[in-house]
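Trainee: Sharing a sequence plus its predicted fold:
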Amino acid sequence: MKGRNSPQVKVMRARIVLAAHEHPEWSNQQIAAHVGCTDRAVRKWRRRWNESKSLEDLPRPGAPKRFSP
């Protein structure tokens, strides 16, 4: 699925992290309204940034690919 790796998704994640840094007093709902996403996404990416300092997706589960691209 390319949607999760597209540049605009990473921009949204960066905007979440930057808004949280610039406005530590804002709630997740306020950041979500500012960025234009859900508060669930804000919670996820604030937590992930605090844990790993990364805007990348975690590895996906499943069997390795059988065919090369």
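Mentor: That came through, no problem.
Trainee: which regions of the protein lie under the pLDDT threshold?
Mentor: 1-5 (pLDDT under 70).
Trainee: got the residue ranges for the strands in it?
Mentor: Counting by DSSP state E, the chain has no strands at all.
Trainee: Packing partners of the longest helix seen in the chain?
Mentor: Determined from DSSP state H, the single longest helix within the chain is helix 7-22. Applying 3 or more Cβ pairs under 8 Å, 6 or more residues apart in numbering; DSSP states H and E, one finds that helix 7-22 contacts helix 28-35, helix 39-52. Yep, even glycine has a C-beta here, placed from its N, CA and C like the rest.
Trainee: Deepest-packed of those, please.
Mentor: Of the helices and strands packed on helix 7-22, the one with the most neighbours on average (mean count of other Cβ atoms under 10 Å) is helix 28-35, at a mean of 17.
Trainee: what's next to that helix, contact-wise?
Mentor: Helix 28-35 is contacted from outside by 12, 15-16, 19-20, 23, 26, 38-39, 41-43, 46, using Cβ atoms under 8 Å, 6 or more residues apart in numbering.
Trainee: cutoff 6 Å now
Mentor: Residues outside helix 28-35 that contact it (Cβ atoms under 6 Å, 6 or more residues apart in numbering) are R15, I16, A19, A20, T38, D39, V42, R43.
Trainee: what about the helices and strands packed on helix 7-22, which gets the closest to R66?
Mentor: Of all the helices and strands packed on helix 7-22, it is helix 39-52 that lies closest to R66, at 29.6 Å by Cβ to Cβ.
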